[in-house]
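S.K.: with the sequence up front, the predicted model follows.
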Amino acid sequence: FDTDLTASHVSKEINLGAPPEIKNFFCPISQELMTNPVIASDGFSYEKSAIQEWMNLSKISPLTREPLTRTLIPNITLRAAITEYQHLAPCLD
């Protein structure tokens, strides 16, 4: 991961073709559909493996550029919403 990316660069790259209602289903680091989303200390959700790898390289949030703690909280609500949407729109996979 390139830890020198700015928040605007990261957010502009995320699934430009995705409908607005599902843009938060994609990890801002990997730009892939999340299967195990977690909330980091910056308040944003990331794919767990992507943010863990990021935090191994940097202690700064990829979106806010503020310091990150190692605490990750499972985002159960987001995971359920992604799963539900996949059932309704299987082409999302």
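M.R.: Sure, I can see it. Numbering: from 1, shown residues only.
S.K.: CA atoms for contacts and neighbours, from now on please.
M.R.: Will do.
S.K.: residue 79 belongs to a strand?
M.R.: No - looking at residue 79 with DSSP: H, G, I helix; E, B strand; the rest coil, it is helix, so not inside a strand.
S.K.: ok, it to residue 36 distance?
M.R.: Distance, residue 79 to residue 36, using Cα to Cα, to the nearest Å: 7 Å.
S.K.: which residues do these two both contact?
M.R.: Among the neighbours of residue 79, none is also in contact with residue 36 (Cα atoms under 8 Å, 6 or more residues apart in numbering).
S.K.: burial of residue 34, as a residue count?
M.R.: 23 (other Cα atoms under 10 Å).
S.K.: just confirm it contacts residue 45, I think it does.
M.R.: No - Residue 34 sits out of contact with residue 45 when judged by Cα atoms under 8 Å, with a separation of 9.2 Å.
S.K.: joint contacts of these two?
M.R.: Both residue 34 and residue 45 are in contact with residue 27, where contact means Cα under 8 Å, 6+ apart.
S.K.: and stretch 30-48, average pLDDT?
M.R.: Model confidence over stretch 30-48, given as mean pLDDT, is 97.
S.K.: what sits against residue 83?
M.R.: Contacts of residue 83 (Cα under 8 Å, 6+ apart): none.
S.K.: quick one: the strands in the protein?
M.R.: 37-39, 45-47, 73-74 (DSSP state E).
S.K.: just put those strands in JSON lines and tack on distance to residue 23 and mean neighbour count.
M.R.: Output for the strands of the chain, formatted as JSON lines (distance: least, Cα to Cα, whole Å; neighbours: other Cα atoms under 10 Å):
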{"stretch": "strand 37-39", "distance to residue 23": "13", "mean neighbour count": "23"}
{"stretch": "strand 45-47", "distance to residue 23": "12", "mean neighbour count": "26"}
{"stretch": "strand 73-74", "distance to residue 23": "19", "mean neighbour count": "15"}
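S.K.: between these, which one is closest to residue 57.
M.R.: Evaluated with Cα to Cα, these place strand 45-47 nearest to residue 57, the distance being 15.5 Å.
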